[in-house]
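Asks: Can you look at this prediction? I've put the sequence above it.
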Amino acid sequence: MSGPAVILLGLMGAGKTSVGRALATRLDLPFSDLDAMIVERAGCAIPEIFEAEGEAGFRALEAEVLADALGSTEGVLALGGGAAMTPASRALLQGRPIVLLEIDEALATTRLGGGSGRPMLRGEDPMVRWRQLAAQREPVYRELARWRVRSGPGSAAAVARTITDLLGQELLVPDEEERA
């Protein structure tokens, strides 16, 4: 199966982008961020996409960009928190080298602040919404993930080191299998 060597998945605030950058640097691989790819394709910020298209429109675009990314990117790919939630996207992610970055609510509260710039956290209490999303998404994440890593409270570099220790030689297996 071609595509990214490692895919990072997790809730908002788990550090997918910062850990992804650190992991890519550590592995000397390219880094791609699905949300950045969506912004590039749409030509506007994610909150603007939500405003103009609603969540359904955003998810449709996200699924399209994900399908393209899985076929065209290499290295480390960080997904948005909801990227695995549509059935079509979940099917595309099945069997991929996915690392679930787990985060507890206390650290998420610190990292997300008031949820500014995060359309899925809109409302009176962003952390109430975060808990709802966690309850919906975590079972799907665990089903898809090959590995699970706590993403806090250490630095992104420390989490990246934990991931490389956990994955070890498995990062080399796909290339070796293709040559056999």
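Replies: Received it, and whenever you're ready, just let me know what you need. Numbering: from 1, shown residues only.
Asks: who touches the helix or strand where Arg41 lies?
Replies: Using DSSP states H and E, Arg41 sits in helix 34-42. Outside helix 34-42, the residues that touch it by Cβ atoms under 8 Å, 6 or more residues apart in numbering are 17, 45-46, 48-49, 58, 61-62, 64-66, 68-69, 77-80, 83. Using the backbone N, CA and C atoms, a C-beta is placed for each residue, glycine as well.
Asks: Let's see which of those end up in helices.
Replies: Using DSSP state H, the members of those that fall in helices are Thr17, Ile46, Glu48, Ile49, Phe58, Leu61, Glu62, Glu64, Val65, Leu66, Asp68, Ala69.
Asks: So the first one versus Met37, what's the distance?
Replies: As for Thr17, its distance to Met37 is 12 Å (criterion: Cβ to Cβ, to the nearest Å).
Asks: now the last one
Replies: For Ala69, the distance to Met37 equals 6 Å [Cβ to Cβ].
Asks: quick one: pLDDT of the residue nearest to the spatial centre of the chain?
Replies: Note on the chain: the residue nearest the mean C-alpha position is Leu79, at 2.6 Å, using Cα atoms, centre = their mean. Looking at Leu79, its pLDDT reads 97.
Asks: any idea how far Met37 is from it?
Replies: In terms of Cβ to Cβ, Leu79 sits 10 Å off from Met37.
Asks: same check, this time on Thr162
Replies: 26 Å.
Asks: What residues of stretch 29-40 count as buried?
Replies: Leu29, Phe31, Ser32, Asp33, Leu34, Asp35, Met37, Ile38, Val39 (16 or more other Cβ atoms under 10 Å).
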